[in-house]
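Enquirer: model the following, please.
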Amino acid sequence: MTNSIVNLKTTLTKVLAEELLSTDLFPVEIQISETGKVKIQIILDGDNGITIDQCAEVSRKLGAMIEENDWIDVPYILEVASAGVGVPLKLERQYAKNINRFLEIQTIENQQLIGKLIEVNEDSIQILEEVRRKKGTPKARKMQLAKVPTEILFSDIEQTIVKVMF
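Expert: Numbering: from 1, shown residues only. I've put the predicted structure just below:
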């Protein structure tokens with residue numbers, strides 16, 4: 001990544017945090033690529049979610065600032081979008097708004113856990129994990145799903161995806 005792209009990313013991060021986003025909105029990811037035109041992709045989220053209108057407003061304001069300040073002197077594409085369904089959570093801040101939703105968690109030890117998020121702490125989350133357990137007499141054992149409280153440290157999480165349940 002060229003130095004000018006690194007500087008642009010730093011500038012955009014600062015401007016988004018200090019001037020363009022309300023206190024409950026935050027950038028999840030900023031990607032800048034230089035294949036042909038410069039392409040700036042900004043993924044936003046909010047503590048209470050984010051609307052398409054909010055994304056459009058940030059895009060308009062940010063585009064105007066880029067033009068006014070001549071941060072880019074070549075043709076560019078600016079995309080501002082929300083963190084969508086099925087996109088892995090990237091920031092600890094994203095977990096709180098997903099309390100009572102089902103998560104699919106891949107740990108750094110390659111273990112897959114599925115459960116309902118019930119609590120978010122400073123350094124961990126707690127889910128009601130769905131675990132299969134044998135129940136009944138040895139002759140008539142059946143597998144049943146049990147919900148077991150499971151604490152997972154953020155440092156042990158490789159990836160988390162919010163599962164849409166119908």
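Enquirer: how does the chain divide into domains?
Expert: If you go by automatic domain parsing, the domain ranges for the chain are 3-82, 92-163.
Enquirer: how about TSV for the ones you listed, with mean pLDDT and mean neighbour count added?
Expert: (C-beta placed from N, C-alpha, C; glycine too.) Shown next, in TSV, are the domains of the chain (pLDDT from 0 to 100; neighbours: other CB atoms under 10 Å):
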stretch	mean pLDDT	mean neighbour count
domain 3-82	90	14
domain 92-163	89	14
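Enquirer: other SSEs contacting the helix or strand hosting Ile66?
Expert: Secondary structure assignment for Ile66, by DSSP states H and E: helix 52-69. Contacts defined by 3 or more CB pairs under 8 Å, 6 or more residues apart in numbering; DSSP states H and E place helix 52-69 against helix 3-15, strand 38-46, strand 76-82.
Enquirer: tell me what the shortest one is packed against?
Expert: Which is strand 76-82. Secondary elements touching strand 76-82 (3+ CB pairs under 8 Å, 6+ apart): strand 38-46, helix 52-69.
Enquirer: same list, these, but as a markdown table with distance to Lys147 please.
Expert: Below are the helices and strands packed on strand 76-82 laid out as a markdown table (distance: least, CB to CB, whole Å):
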| stretch | distance to Lys147 |
| --- | --- |
| strand 38-46 | 28 |
| helix 52-69 | 35 |
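Enquirer: and of the ones you listed, who's closest to Asn110?
Expert: strand 38-46 (25.9 Å; CB to CB).
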